[in-house]
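Visitor: return atomic coordinates for the entry below.
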Amino acid sequence: MKKQYTIAALLLALLSVSSCVDEINLEIVESNQALVVDAWMGNVPEDTYVKIYRTVPYMSGILNPDYLSVPVTRVEIEEKDGQTIPFSQVEPTVFKQTWSFQPSPGKSYRLLVETAEGEVFESSWEVMPPLVEIEDIVAKAIEKEVMLTSGAEPFFQTQTFAEVRAKLTDPGLGEFGYLIRTSGITELYTSSSNDRCRCVCFEDDPDIFAGMNVVSNKNFQGVSFQATIGDVSLSYLGRYFVSTKVKTLNKSGLDYLNRVNDQQRNTGSIFDPAPSRVKGNIKKKGAENETVLGGFFLFQESQHEQMLYRSQIRSSAIGLNHRIEPLPVVVGSCTEYYFGATAIPPDPFLP
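Guide: From the prediction side, this is the model:
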């Protein structure tokens, strides 16, 4: 009888616990899929395009999501008091100019997009900035503290770098910006007892500037100046080939990229700007307050290439604490040590 009472008490306890569980149905609202219009027009046809798509909800671990294409019936760029340049679809989200066209600095242009649902999106009128040629690339040796790791303990070491700068002369035609992208190829030596060793390697360096390099001409309109384009380590013996592209940007394009750059450069401080959707210069007709991401950017691009000689840069600053990395020892090829490099000399390094 006592056993029956014990079982009954346990059943009663279980019922009381289960009755305390409430079922809650959470209604999850899907994120707003905003329209994105990423449009660039300038003097380089390969970099002139219009991308149109809708955002997708964030998913952890997905770096390159499949954006949603938008059915579009019209994509064109208007020249104020001039012609209209039509764009044709070449990929699900990409449109390219239908026929060859070279925009003129100083003229005004506007982007128009019409979807299959009859929605019309247009940018503000934007002025094509001037073309500014890169006059020269110069390099100066500097010292920097670099954090290294040996075992489990990190430590700081003073190393020397070439601070690379582009020389430009601003035309003094109002406020605009410079978007600078610099890549390079480094020459890397190894050593071997094999007489047939291919001991010299060449490795691509896709970007020698940390982050987005956007410069305003506000403080040096109409004068010559030098813009920092990156740092190159002087701890190696080989040469370094620099390739720099400078895009002049319309004022609204400069402002937009500066806002994006501010968010990308967050340091963890409480004074950092909170991440947010960055609106550009494109609006929906009849619903101007609706969020449209991206923008219409006008540019003029110039390019300059130059070989840097590390030995000359070091010799011009003999007072600095230069440290040369020891040559790696290989058997028959430098690629045994430099896995991402090639032993085939690129064109700039040919005799």
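Visitor: for the residue nearest to Glu119 when sequence neighbours are not counted, what are phi and psi?
Guide: Spatial nearest neighbour of Glu119, excluding adjacent residues (CB to CB, 6 or more residues apart in numbering): Lys284 at 6.2 Å. For every residue, glycine as well, the C-beta is placed using N, CA and C. The phi and psi values for Lys284, taken as degrees, to the nearest 10, are phi -90, psi 130.
Visitor: for Thr342, which non-adjacent residue is spatially closest?
Guide: The shortest distance from Thr342 to any non-neighbouring residue, by CB to CB, 6+ apart, is to Phe202 (5.6 Å).
Visitor: what number of residues lie near that neighbour?
Guide: Applying other CB atoms under 10 Å, we find 21 other residues in the vicinity of Phe202.
Visitor: ok, it - contacts?
Guide: For Phe202, the contact set (CB atoms under 8 Å, 6 or more residues apart in numbering) comprises Ile185, Thr186, Glu187, Leu188, Ala341, Thr342, Ala343, Ile344, Pro345, Pro346, Phe349.
Visitor: ok, so what distance separates the first one from Ile85?
Guide: Read that as Ile185. Using CB to CB, to the nearest Å, we find Ile185 at a distance of 36 Å from Ile85.
Visitor: picking that back up, quick check: the farthest pair among the contacts of Phe202?
Guide: Thr186 and Ile344 (14.6 Å; CB to CB).
Visitor: and Asn43, what does it touch?
Guide: Asn43 makes contacts with Gln102, Pro103, Leu131, Phe299, Gln300, Glu301, as judged by CB under 8 Å, 6+ apart.
Visitor: which element is the fifth one on?
Guide: This means Gln300. strand 292-308 (DSSP states H and E).
Visitor: output that strand in CSV with nothing but the alpha carbons.
Guide: Extracted in CSV, the C-alpha atoms of strand 292-308 (Å, rounded to 0.1, in the frame of the first residue of the first chain):
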residue,chain,number,x,y,z
VAL,A,292,17.6,52.6,-51.3
LEU,A,293,21.2,51.4,-50.7
GLY,A,294,24.2,52.0,-52.8
GLY,A,295,24.7,55.0,-55.1
PHE,A,296,25.6,56.5,-58.4
PHE,A,297,29.3,57.2,-58.6
LEU,A,298,31.2,59.2,-61.3
PHE,A,299,34.9,58.8,-61.7
GLN,A,300,38.0,59.5,-63.9
GLU,A,301,40.8,57.1,-63.5
SER,A,302,44.6,57.4,-64.0
GLN,A,303,47.2,54.7,-63.5
HIS,A,304,50.9,54.7,-62.7
GLU,A,305,53.4,51.9,-62.4
GLN,A,306,57.0,52.0,-61.0
MET,A,307,59.7,49.7,-59.8
LEU,A,308,61.1,50.3,-56.3
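Visitor: which ones are touching the residue nearest to Glu119?
Guide: The contact partners of Lys284, taken as CB under 8 Å, 6+ apart, are Leu35, Glu119, Val120, Phe121, Glu290, Val292.
Visitor: now do the strands in the stretch 51-200 of the chain.
Guide: 68-69, 72-79, 84-91, 94-97, 108-115, 120-123, 126-127, 136-150, 153-169, 177-189, 200-205 (DSSP state E, counting those that start in this stretch).
Visitor: what's opposite the residue nearest to Thr342 in the beta bridge?
Guide: Glu187, Thr342 (DSSP bridges).
Visitor: ok so, going back, so for Val260, which of the strands of the stretch 51-200 of the chain sits nearest?
Guide: Taking the strands of the stretch 51-200 of the chain one by one with CB to CB, strand 177-189 is closest: 11.3 Å.
Visitor: which strands or helices does the closest one pack on?
Guide: strand 153-169, strand 200-205, strand 213-216, strand 224-233, strand 240-249, helix 251-264 (3 or more CB pairs under 8 Å, 6 or more residues apart in numbering; DSSP states H and E).
Visitor: can you redo the ones you listed as JSON lines with mean pLDDT and distance to Ile324?
Guide: Shown next, in JSON lines, are those (pLDDT from 0 to 100; distance: least, CB to CB, whole Å):
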{"stretch": "strand 153-169", "mean pLDDT": "92", "distance to Ile324": "10"}
{"stretch": "strand 200-205", "mean pLDDT": "97", "distance to Ile324": "16"}
{"stretch": "strand 213-216", "mean pLDDT": "95", "distance to Ile324": "29"}
{"stretch": "strand 224-233", "mean pLDDT": "96", "distance to Ile324": "11"}
{"stretch": "strand 240-249", "mean pLDDT": "97", "distance to Ile324": "15"}
{"stretch": "helix 251-264", "mean pLDDT": "87", "distance to Ile324": "34"}
